[in-house]
Structures are given as structure tokens and as C-alpha cells.
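# just need the structure, nothing else, for what follows:
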Amino acid sequence: MIDKKYSPLLFGLILSGLMSMLVSGLSTWRALGLSHQFAGQWASAWLIAWLVAFPAVLVMAPLARKLVERLTAAR
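Residues are numbered from 1 along each chain as shown. The predicted structure follows:
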């Protein structure tokens, strides 16, 4: 098991992986359709997207939390 202190890092890794997979897959499908090149191009696009998305999520998550706190009110 992974130590609980790494939860935010693991969350960012999983979230960025899933989101970049989804977005790169849709973008690749729109650009190429379901051609014979699709799987290879998607994998390549996903890897590049994940390399950008993971650090972006780690930086942007605290900012998003603060923005949500400002935009919502306790009841």
C-alpha cells in the first residue's frame, strides 16, 4: 500500500492520466477517425498530454480549491 501522505500526488497522477487519455482520444478520433493509425497516434498524443497534464494538475488543484472556496458559501 501507498502511504496516505502521497494521496494528493496519487490523485493528481490518476486524474491527469484519465483526463488526458479521454481528451487525447477524442482529439485523435476527430483528426483521424478510426483509421489504422488511430491506436499509435492516440498513445503518442496521450503520453505527451500526460507529461503536461500531471504537473499542471499538481499546480492548478490548490488554485481551483481556493477559487471554489471563494465561490461557495457555508450553509
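# from Ser35, how far out is the residue positioned nearest the centre of the chain?
For the chain, Ser16 is the residue whose C-alpha lies nearest the centre (CA atoms, centre = their mean; 2.2 Å). Per CB to CB, to the nearest Å, Ser16 is found 27 Å from Ser35. Every C-beta, even on glycine, is put in place using the N, C-alpha and C of the backbone.
# now the helices for this structure?
Along the chain, the segments classed as helices by DSSP state H run 7-32, 38-71.
# could I get these as TSV with mean pLDDT?
Converted to TSV, the helices of the chain look like this (pLDDT from 0 to 100):
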stretch	mean pLDDT
helix 7-32	94
helix 38-71	94
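# out of those helices, which is closest to Met1?
Checking the helices of the chain against Met1 by CB to CB gives helix 7-32 as the closest, at 11.0 Å.
# next, the buried residues of the closest one.
By 16 or more other CB atoms under 10 Å, the buried positions in helix 7-32 come out as Gly12, Leu13, Ser16, Gly17, Ser20, Met21, Ser24, Gly25, Thr28.
# so which elements touch it?
Counting contacts by 3 or more CB pairs under 8 Å, 6 or more residues apart in numbering; DSSP states H and E, helix 7-32 packs against helix 38-71.
# list the helices and strands the helix it packs on packs on?
In terms of contacts (3+ CB pairs under 8 Å, 6+ apart), helix 38-71 is packed against helix 7-32.
# re earlier: how about a markdown table for the helices of the chain, with distance to Met1 added?
Formatted as a markdown table, those follow (distance: least, CB to CB, whole Å):
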| stretch | distance to Met1 |
| --- | --- |
| helix 7-32 | 11 |
| helix 38-71 | 22 |
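# now for the residue nearest to Ala49 when sequence neighbours are not counted: which residues touch it?
Among residues not flanking Ala49 along the chain, Ser20 sits closest, at 3.9 Å (CB to CB, 6 or more residues apart in numbering). Neighbouring residues of Ser20 by CB atoms under 8 Å, 6 or more residues apart in numbering: Trp46, Ala49, Trp50, Val52, Ala53.
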